[in-house]
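Asks: Below: sequence and its predicted model.
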Amino acid sequence: MIGKELIQIKGMALDELEFCLEELGEKKFRAKQIFKWLYDSGVTSFDEMLNIPKNLRNKLKKIYILNTLRVHSHQSSKIDKTTKFIFETNKYHKIESVIIPERNRTTLCLSTQVGCPLDCKFCATGLMGYKQNLTSGEIIDQFLMTSRNLGKKITNIVYMGMGEPLLNFENTLKSLTIFNSDLISNIHLKHITVSTVGIIPNIYKLADSGLNVRLALSLHSCFNNIRNKIMPINKKYPLEKLIDAAKYYAVKTGSKITIEYVMLKGINDRNEDIKGLTKLFSQMPIKINIIPFNSLKHMNPTGFSGELEPTSKERIKEFVEKLRTKNLQITIRDSQGEDIAAACGQLAIKFNN
Ligand code: SF4
């Protein structure tokens, strides 16, 4: 039974748990024990919290709900080893998370919102619209539940699934703070990347948070007029100011920014784009991640989204080689999970209501 009145305990930071335990007249040290059961052991019931007295477990059950997500379904690619999980929240919204196994690591791409309000034209999530932010518990549970279902260790997390993490800043930050706790041994912040299309005030806040998580910038063009067209958020947060924020982040955290660049035929794959990227980044500690554009056909796109086409493999190769001659660090991301609509930019659920 899902009691509407019950409070989600998963997603609470240590200080919140301490406060709640004290309110219940319990000793503060119980909060640390519960924190470890929640996020390190990833238990799914209060009864698994073996060092918590039964009467306290019973008290907790009356106030809190522990599970935030249910596995609705999962699907594995026949071409590569990518697996897509569809989760249902306690409010019956569906979200997607993707597991990408690579040679030396297993990466989870997790979601931070149900849909997304930002309407980037090359992105299936943008085409589905927006319902709500995920809670910090729902963000963390994607990690705990995929680890448990796969029976294998997830080594890396990218906040690049459905939604813009920095539009759900509070819950994104809280989930990172929990992952950063010394009490958790299963993931480290240096293996976590947060991706943003450029919510400038929150890039500064994340830089100042002291969390030093890696930042990826969804750039996709180095010209405002193009960016305005493919990413409407650029009208609010234009390129020059975004680059200033990215520079601040790099200096403040001492880390290299990843620039995400999806290749769109005739739009951002021209020779002038090579010149623009070189001018913009020759003096900045960045690496560019070139992403082949993945089909949006499963969303039946109309308007400008429906006109977008992928850059050919030959042109991508040429584009990358020319940039390499300018001493820019650049890689091409393998398109994984395309046959199950789990590749970059393809995540979407059609709303029923
Ligand atoms: S690219 Fe990111 S910010 Fe843009 S619509 Fe898709 S999910 Fe939202």
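Replies: In hand now; what should we look at?

Asks: could you show me where the strands are in the stretch 251-353 of the chain, in order?
Replies: The residue ranges that make up the strands of the stretch 251-353 of the chain, judged by DSSP state E, counting those that start in this stretch, are 257-263, 286-292, 330-332.

Asks: Comparing these, which comes out most buried?
Replies: Per-stretch averages of neighbours, counted by mean count of other Cβ atoms under 10 Å, single out strand 257-263 among the strands of the stretch 251-353 of the chain, with a mean of 23. Where you see a C-beta, it was placed from the backbone N, CA and C, and this is true even at glycine.

Asks: which one of the strands of the stretch 251-353 of the chain lies closest to the ligand?
Replies: For the strands of the stretch 251-353 of the chain, the distance to the ligand is smallest for strand 257-263, at 8.8 Å, taking Cβ to the nearest ligand atom.

Asks: Just give the closest residue to Asn212, not the sequence neighbours.
Replies: Spatial nearest neighbour of Asn212, chain neighbours left out: Thr253 (4.7 Å); criterion: Cβ to Cβ, 6 or more residues apart in numbering.

Asks: Would you agree the one you found is in contact with Tyr204?
Replies: No - using Cβ atoms under 8 Å, Thr253 makes no contact with Tyr204, being 11.7 Å away.

Asks: Please produce TSV containing the strands of the stretch 251-353 of the chain, extended by mean pLDDT and distance to the ligand.
Replies: Listed next are those as TSV, based on pLDDT from 0 to 100; distance: least, Cβ to the nearest ligand atom, whole Å:
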stretch	mean pLDDT	distance to the ligand
strand 257-263	97	9
strand 286-292	96	11
strand 330-332	94	19
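
Asks: out of the ones you listed, nearest to Leu6?
Replies: Proximity to Leu6, assessed across those by Cβ to Cβ, is greatest for strand 257-263 (38.5 Å).

Asks: Which elements pack onto the closest one?
Replies: Where contact means 3 or more Cβ pairs under 8 Å, 6 or more residues apart in numbering; DSSP states H and E, strand 257-263 is packed against strand 214-218, helix 239-253, strand 286-292, helix 313-324.

Asks: tell me the most buried of these?
Replies: Ranked by mean neighbours (mean count of other Cβ under 10 Å), the helices and strands packed on strand 257-263 are led by strand 214-218, with a mean of 21.

Asks: any weak-confidence spans in the protein?
Replies: Confidence mapping of the chain against pLDDT under 70 gives the ranges 1-4, 350-353.

Asks: What's the local residue count around the nearest residue to Gly163 once chain neighbours are set aside?
Replies: Setting aside the residues directly before and after it, Gly163 is nearest to Gln113 in space (Cβ to Cβ, 6+ apart), at 2.6 Å. Other residues within reach of Gln113 by the criterion other Cβ atoms under 10 Å amount to 25.

Asks: Helices of the stretch 101-250 of the chain, residue ranges please.
Replies: Using DSSP state H, counting those that start in this stretch, the helices found in the stretch 101-250 of the chain span residues 124-128, 136-150, 169-179, 200-208, 224-230, 239-253.

Asks: Would the last one count as contacting the ligand?
Replies: No - for helix 239-253, no contact with the ligand is found by Cβ under 6 Å from any ligand atom; the gap never falls below 13.3 Å.

Asks: roughly how far is that helix from the heart of the chain?
Replies: 20 Å (Cα atoms, centre = their mean, to the nearest Å).

Asks: Just the C-alpha atoms of it, please, in PDB.
Replies: Coordinates of the C-alpha atoms in helix 239-253 are reproduced here as PDB (Å, rounded to 0.1, in the frame of the first residue of the first chain):
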ATOM      1  CA  LEU A 239      26.700  31.800 -24.800                       C
ATOM      2  CA  GLU A 240      29.200  34.400 -23.600                       C
ATOM      3  CA  LYS A 241      27.800  34.400 -20.100                       C
ATOM      4  CA  LEU A 242      27.600  30.600 -20.200                       C
ATOM      5  CA  ILE A 243      31.300  30.300 -21.100                       C
ATOM      6  CA  ASP A 244      32.200  32.700 -18.300                       C
ATOM      7  CA  ALA A 245      30.300  30.400 -15.900                       C
ATOM      8  CA  ALA A 246      32.100  27.300 -17.300                       C
ATOM      9  CA  LYS A 247      35.400  29.000 -16.900                       C
ATOM     10  CA  TYR A 248      34.600  29.900 -13.300                       C
ATOM     11  CA  TYR A 249      33.600  26.300 -12.700                       C
ATOM     12  CA  ALA A 250      36.800  24.900 -14.200                       C
ATOM     13  CA  VAL A 251      38.900  27.300 -12.100                       C
ATOM     14  CA  LYS A 252      37.000  26.800  -8.900                       C
ATOM     15  CA  THR A 253      36.900  23.000  -9.000                       C
END
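
Asks: which other helices and strands contact that helix?
Replies: For helix 239-253, the packing partners by 3+ Cβ pairs under 8 Å, 6+ apart are helix 200-208, strand 214-218, strand 257-263.

Asks: would JSON lines of the strands of the stretch 251-353 of the chain with distance to His188 be doable?
Replies: Shown next, in JSON lines, are the strands of the stretch 251-353 of the chain (distance: least, Cβ to Cβ, whole Å):
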{"stretch": "strand 257-263", "distance to His188": "18"}
{"stretch": "strand 286-292", "distance to His188": "20"}
{"stretch": "strand 330-332", "distance to His188": "22"}
